[in-house]
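K.L.:
A predicted structure for the sequence below; I have some questions about it.
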There are 2 protein chains.
Amino acid sequence: MPTDNSPKTLRTTATSIEILKQLEAIDGARVSEIAERMDKPKSTIHGHLATLKQEQFVIKEGDFYFIGPELLRLGNQVRTREPAFVLARQFTERLFEETRLRSIFTVEMGGKAVFLHTASGSKMGWSHEQLGNRLFLHNTAVGKAILAELPEPRIEQIIDRWGLPQETENTTTDREALFEELERVRDQGYAVNRAENFNELYAIGVAATRRSGDVIGGFSVTGPAHSVTGEDRKAELAHTVKDIVSEFELELALA
Amino acid sequence: MPTDNSPKTLRTTATSIEILKQLEAIDGARVSEIAERMDKPKSTIHGHLATLKQEQFVIKEGDFYFIGPELLRLGNQVRTREPAFVLARQFTERLFEETRLRSIFTVEMGGKAVFLHTASGSKMGWSHEQLGNRLFLHNTAVGKAILAELPEPRIEQIIDRWGLPQETENTTTDREALFEELERVRDQGYAVNRAENFNELYAIGVAATRRSGDVIGGFSVTGPAHSVTGEDRKAELAHTVKDIVSEFELELALA
DNA sequence: CCAGCCGTTCGACTATCCTGAATTTTAAAT
DNA sequence: ATTTAAAATTCAGGATAGTCGAACGGCTGG
């Protein structure tokens, strides 16, 4: 009776997943705690947890349940599905070595940019850059770099699905303006994010493609806007990213 | 009616998970393919996939379903749960830099060693060293290093749960012998795996503990047995690993 | 243009999930 | 030790909701 949002969807599986999300939020919880939060009887939660436990989707330590290793293993399959994704890891790290800026590798899934690799030295990244997180394509550097390489109908499709939501005052919300920018991206060979999804952030992104032409994903470097200043510094950075991507594409082609 | 292995366990959730595992095995599948493999009607599978899709546990591309980004995100929470785990990543990489041997960081979950970080340069690791995979504690270097730091009742508990299965002819299957070895590990400050779970592999593992004394996890380096020869080479390696772990513990204490 | 295959929808049946109460276990407090 | 309380787990009945098979419609390839 609650939210009958979509067509025939399985409530049982949905509850199991909801429990997993609760376990993620509050870190390691007991049966009653979850039961209370979800406003469901303890016995119900218990049943779900028992099932998830037997699959190692959660593990139990004393009376506390935690997200389990099998979920990590399955989820990571996303990062190892294609050899190109695996190879991208070391290039993400090299990108960081050379720029000393937070470096990431993302791929397009369902019209969004999904983080597959990050490299940032000691600092533990911001939460929105956790692996598996999704960002929009229209207001990020990698996103625009990837968009620029997609066939036009696909671009349309993605815009139709997600729209062009405004996240800062710099976000491009106009369809025409976006297409013009993508054209510029294609010319330059890289895309720029000038605080379009988070204030004070500047990023440069470049898409990686196969010889066939279809895109694999995108690399980018991000830094505080005030620390990345001067046109030559920016040009130099763009050059570095493009170089790394070229090497990546080359090594992939040879393998 | 098929396998009523455990007590009250939810069949619906179990099927959903089974579907995810199928998706992992054959990479990206269509409804009928999974339906056939699981010997269930297409409509049933369709329902599950619809639910999983709405939670982004799978994504759909054309008629193919793949494991989705939300699963990656949730699973990775295991690696970011504790700040110590996050910090361990860069030390795993430093370990690789210094030894040029495949380096890993694992933690103990449910009596097994779970891979949280790996570093191995370009080579894409073996499948059994994928993140989230679980190895025994009694026949691995990290495993024994971790065991050696656990309170005795806990060790007993773990052995009772998993036994001491033999995986190569070098595996220690005798309880007494294992305890003697753990004593040696405590003396030396490191543990050795002499092809005890895979032939031809040699590994050195060291456990990392908090100042309170309880263990965080373990680091180890692994190489082909024939490439790690000579007592001094081995001693040198052990020294390197112990050093890295010390630094790790120190930095953690300071933070 | 036709034929087959596949994904999706739909309604009825009934398996099974949910629930609240009973039971056991654990932990705390006196 | 003894008692109390709270939490985890088990259980069985009843109603919900997942399963199933058939039918529809869209796509692809011959």
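P.N.:
Everything's here; your move. Just so we're clear, the structure is a prediction, and the values are computed from it rather than from any experiment. Residues are numbered from 1 along each chain as shown, chains lettered A, B, ... in the order given.
K.L.:
per-residue confidence at the residue lying closest to A:Glu200 once chain neighbours are set aside?
P.N.:
Ranked by Cβ to Cβ, 6 or more residues apart in numbering or on different chains and with sequence neighbours excluded, the top spatial neighbour of A:Glu200 is A:Ala225, at 5.0 Å. Glycine gets a C-beta too; all of them are placed from N, C-alpha and C. The predicted structure scores A:Ala225 at 91 on the pLDDT scale.
K.L.:
Let me see the contact set for A:Ala225.
P.N.:
Under the criterion of Cβ atoms under 8 Å, 6 or more residues apart in numbering or on different chains, the neighbours of A:Ala225 are A:194-195, A:200-202.
K.L.:
make it 6 Å
P.N.:
If a contact means Cβ atoms under 6 Å, 6 or more residues apart in numbering or on different chains, then A:Ala225 has A:195, A:200, A:202 as its contacts.
K.L.:
same deal with A:Leu10?
P.N.:
The contact partners of A:Leu10, taken as Cβ under 6 Å, 6+ apart, are B:47, B:51.
K.L.:
where exactly do the helices run in chain A?
P.N.:
Counting by DSSP state H, chain A has these helices, from start to end: A:11-25, A:31-38, A:42-54, A:69-80, A:83-99, A:141-149, A:152-162, A:175-188, A:231-254.
K.L.:
Compute the number of surrounding residues for the nearest residue to A:Leu178 once chain neighbours are set aside.
P.N.:
In this structure, A:Leu178 finds its nearest non-sequential neighbour in A:Thr172, 5.1 Å apart by Cβ to Cβ, 6+ apart. A count of neighbours around A:Thr172, defined by other Cβ atoms under 10 Å in any protein chain shown, yields 18.
K.L.:
Quick check on A:Thr172: phi, psi?
P.N.:
Dihedral angles of A:Thr172 (phi, psi; degrees, to the nearest 10) stand at phi -80, psi 120.
K.L.:
What distance do you get for it to DNA strand C?
P.N.:
32 Å (Cβ to the nearest atom of the strand, to the nearest Å).
K.L.:
That residue reaches A:Glu180, doesn't it?
P.N.:
No: proximity of A:Thr172 to A:Glu180 does not meet the contact threshold set by Cβ atoms under 6 Å, at 9.2 Å.
K.L.:
ok so, going back, closest one to DNA strand C out of the contacts of A:Ala225, please.
P.N.:
Taking Cβ to the nearest atom of the strand as the measure, A:Ala195 is the one of the contacts of A:Ala225 closest to DNA strand C, at 38.6 Å.
K.L.:
how deep is the closest one tucked in, by neighbour count?
P.N.:
The burial metric for A:Ala195, expressed as a neighbour count using other Cβ under 10 Å, is 17.
K.L.:
How about A:Gly213?
P.N.:
Neighbour number of A:Gly213 under other Cβ under 10 Å is 8.
K.L.:
got the contact list for it?
P.N.:
Remark: with contacts taken as Cβ under 6 Å, 6+ apart, A:Gly213 is in contact with nothing.
K.L.:
picking that back up, which ones among the contacts of A:Ala225 lie within strands?
P.N.:
Those of those mapping onto strands are A:Tyr202, per DSSP state E.
K.L.:
Check the contacts of A:Ala225 one by one and keep those near DNA strand C.
P.N.:
Residues shared between the contacts of A:Ala225 and the neighbourhood of DNA strand C: none [Cβ under 7 Å from any atom of the strand].
K.L.:
pLDDT check: weakest of the contacts of A:Ala225?
P.N.:
Per-residue confidence across the contacts of A:Ala225 is lowest for A:Glu200, with 93 (pLDDT).
K.L.:
From the structure, what's the count of residues near the closest residue in space to A:Gly143 that isn't next to it in sequence?
P.N.:
Distances taken as Cβ to Cβ, 6+ apart place A:Leu137 nearest to A:Gly143, at 3.4 Å, with adjacent residues excluded. A:Leu137: 26 surrounding residues under other Cβ under 10 Å.
K.L.:
Kindly report the same for A:His239.
P.N.:
Counted with other Cβ under 10 Å, the burial measure for A:His239 works out to 13 neighbours.
K.L.:
circling back to that earlier point, quick one: the residue nearest to A:Gly143 and B:Glu181, what's the gap?
P.N.:
As judged by Cβ to Cβ, to the nearest Å, A:Leu137 and B:Glu181 stand 54 Å apart.
K.L.:
Report the contact partners of the residue of the stretch 1-150 of chain A found nearest DNA strand C.
P.N.:
As assessed by Cβ to the nearest atom of the strand, DNA strand C sits closest to A:Ser43 within the stretch 1-150 of chain A, at 3.1 Å. Applying Cβ under 6 Å, 6+ apart, we find A:Ser43 in contact with no residue.
K.L.:
Repeat that for A:Ile158.
P.N.:
Under the criterion of Cβ under 6 Å, 6+ apart, the neighbours of A:Ile158 are A:Gly111.
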